[in-house]
Structure formats: C-alpha cells, structure tokens
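Undergrad: sequence unknown, structure follows:
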C-alpha cells in the first residue's frame, strides 16, 4: 500500500515538471520547396491579391437584425433643479462662521 501511495505522489509531482519540458523536433516537417514551386506559389498569391482588388466595397449595412430592433430608448427627463437646491446646506463643524 505504501508503494502505491509513493507512486501516486511521484506521478502528481512529475506531471507539472513533464509539462514544462520543451517539445523538440529535430526532423523537418516537410522538404524544402524547389524554385519552381516557390515561383508557382508567388504567382498564385499575386493572382489572389488581384482578384481581391476586383471585389467591390460593400456600402450596405451588414446588420441582419437591423430591421428587428425597436426605436432607440427615449432619454429620461432631467431631474428638477429645485429639488436639488431645496436640500439644506451643510457647513463644516469646528470652523468659525461668525
């Protein structure tokens, strides 16, 4: 039973340490491209960018729910100024006002 507990403690302690190890891959993912492949990719990219320039700009709203909204909420009336001025004024205590 002690061996099982020891193994569990080591597994818990080793998990974070293993997660911090860098993932090193010494093999190349793909072979390098030949000059012909690079030229073909550059040509495709150029054709793609030219096609994007031909697309007209959208002037219409893209809000699909625009017609479903109600009128904007109306603003509340400003509170009466007389209510704010009718409150008694407070003076600092400990100062000589006379």
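TA: Thanks, I have it. Note that this is a predicted model, so its numbers are computed, not measured. Residues are numbered from 1 along each chain as shown.

Undergrad: so where do the helices sit in this protein?
TA: 2-19, 35-54, 81-85 (DSSP state H).

Undergrad: closest to residue 68 out of those helices?
TA: Nearest to residue 68, of all these, is helix 35-54, at 32.0 Å by C-beta to C-beta. From N, CA and C alone the C-beta is placed, and that goes for glycine too.

Undergrad: quick one: contacts for residue 4?
TA: Contacts for residue 4 (C-beta atoms under 8 Å, 6 or more residues apart in numbering) come out as none.

Undergrad: per-residue confidence at residue 5?
TA: In this model, residue 5 is scored at 90, pLDDT.

Undergrad: From residue 12, how far off is it?
TA: Separation of residue 5 from residue 12 (C-beta to C-beta, to the nearest Å): 11 Å.

Undergrad: Between the two ends of stretch 52-59, what distance do you get?
TA: One end of stretch 52-59 sits 16 Å from the other (C-alpha to C-alpha, to the nearest Å).

Undergrad: Need the mean per-residue confidence for that stretch.
TA: 84.

Undergrad: The helices of the chain: which one's closest to residue 75?
TA: Shortest distance between residue 75 and these, using C-beta to C-beta, is found for helix 81-85: 17.0 Å.

Undergrad: pLDDT on that closest one, on average?
TA: 54.

Undergrad: Ok, stretch 9-18 next?
TA: Mean predicted lDDT for stretch 9-18 stands at 78.

Undergrad: Show residues contacting it.
TA: Residues outside stretch 9-18 that contact it (C-beta under 8 Å, 6+ apart): none.

Undergrad: ok, residue 20 - how many residues close by?
TA: Residue neighbour count, defined by other C-beta atoms under 10 Å, stands at 6 for residue 20.

Undergrad: Kindly report the same for the one 10 residues further on.
TA: Applying other C-beta under 10 Å, we find 5 residues neighbouring residue 30.

Undergrad: Please apply the same query to residue 42.
TA: 10.

Undergrad: Also the one 4 residues further on?
TA: Counted with other C-beta under 10 Å, residues neighbouring residue 46 total 10.

Undergrad: what's the answer for residue 34, then?
TA: Around residue 34 there are 9 residues (other C-beta under 10 Å).

Undergrad: Cool, thanks, signing off.
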